[in-house]
Every structure is written in C-alpha cells, then in structure tokens.
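> coords below, sequence missing:
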C-alpha cells in the first residue's frame, strides 16, 4: 500500500512538472555566474556549439533597469534537426537547446530547461519518440554534470 501511495505521489508530481509549461527546474549549489560557467564548459567539452550566452542582468542594466541574475545558454550540434524539422518545422522555435540559470527572490540559484515530452506535445510530434528521448537524455545528462 505504501508503495502504491508513493508511486501515485511520484506520478502526480511528474504530471505537475509537465503541466507547469514543460519546464524542468533543478536547484543549483553555486551562484548564477559560476553555474553558467560550469555549464558552458561542459557543453563545449561535449562538442556542442555555443551560439550565445545571454546575461539578462547585463541587458537590463544597459537599459537602466535591474533584474536578478539570470543567464541563458543557447547551444546545439544540429544532429536532431534532419530527423525532426521535416516532420515538425515549427519545433525550430524551441531549438537549438537552451538552458536557463537564474536566481529567485530568496537568492537561490536554479537551472531550467524544456522537457522533451513537453516539446512532443507542444508541437504535436508523432513517430519521433527516439528523438524526443534523445533531447531529454541530453538535457538530463548536461544538467546532472553541472549540478554534481
């Protein structure tokens, strides 16, 4: 009975994460800049091309505004594109990969990325489960390396 209750709670929490716009958010131990530096280093070591590193705090300051530390890394290899884009051209709006590292109102650092299953639903992608799984595996692997 305890096992069934635990399984139900896990399923409900996973569903809630999916319902929350398909964004996976994980706690980081370092500040935004340190976490992003580590992420960028790992991404480059894995032979991904880094297209951009956007510092939202810096952008806001350039426009005489202030925001909490927040940085977005945009990267990819292009390997999934030939299989995915012909079937779902609009999915390119969510590619290349993006990982956001941000600070909340309590000063806690978080790492967020899109869930592969969410992308599948968002873009009505069928017959590409292997690609969606690859996306999820890549994001889980990279974030795991950053946070461990």
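Happy to help now that I have it. The model shown is predicted, which means the values in this text are computed figures rather than measured ones. Residues are numbered from 1 along each chain as shown.
> Who are the contact partners of residue 95?
Residues in contact with residue 95 (CB atoms under 8 Å, 6 or more residues apart in numbering) are 76, 80, 81, 84. Heads up, the C-betas are built off the backbone N, CA and C, glycines and all.
> Which residue is the nearest non-sequential neighbour of the last one?
Nearest-residue entry for residue 84: residue 131, 5.4 Å, with adjacent residues in sequence omitted and distances by CB to CB, 6 or more residues apart in numbering.
> The one you found in helix, strand or coil?
At residue 131 the chain is in helix, as set by DSSP: H, G, I helix; E, B strand; the rest coil.
> Neighbours of it, how many?
Burial of residue 131 is recorded as 21 neighbouring residues (other CB atoms under 10 Å).
> just the one 10 residues further on next, same as before
Residue 141 sits with 12 neighbouring residues when counted by other CB under 10 Å.
> how close does the residue nearest the centre of the chain sit to residue 88?
Nearest to the mean C-alpha position of the chain, by CA atoms, centre = their mean, lies residue 113 at 1.4 Å. Separation of residue 113 from residue 88 (CB to CB, to the nearest Å) stands at 19 Å.
> rewinding a little: let me know whether the residue nearest to the centre of the chain touches residue 141 as I believe.
No. Here residue 113 lies out of contact with residue 141, judged by CB atoms under 8 Å, at a distance of 11.3 Å.
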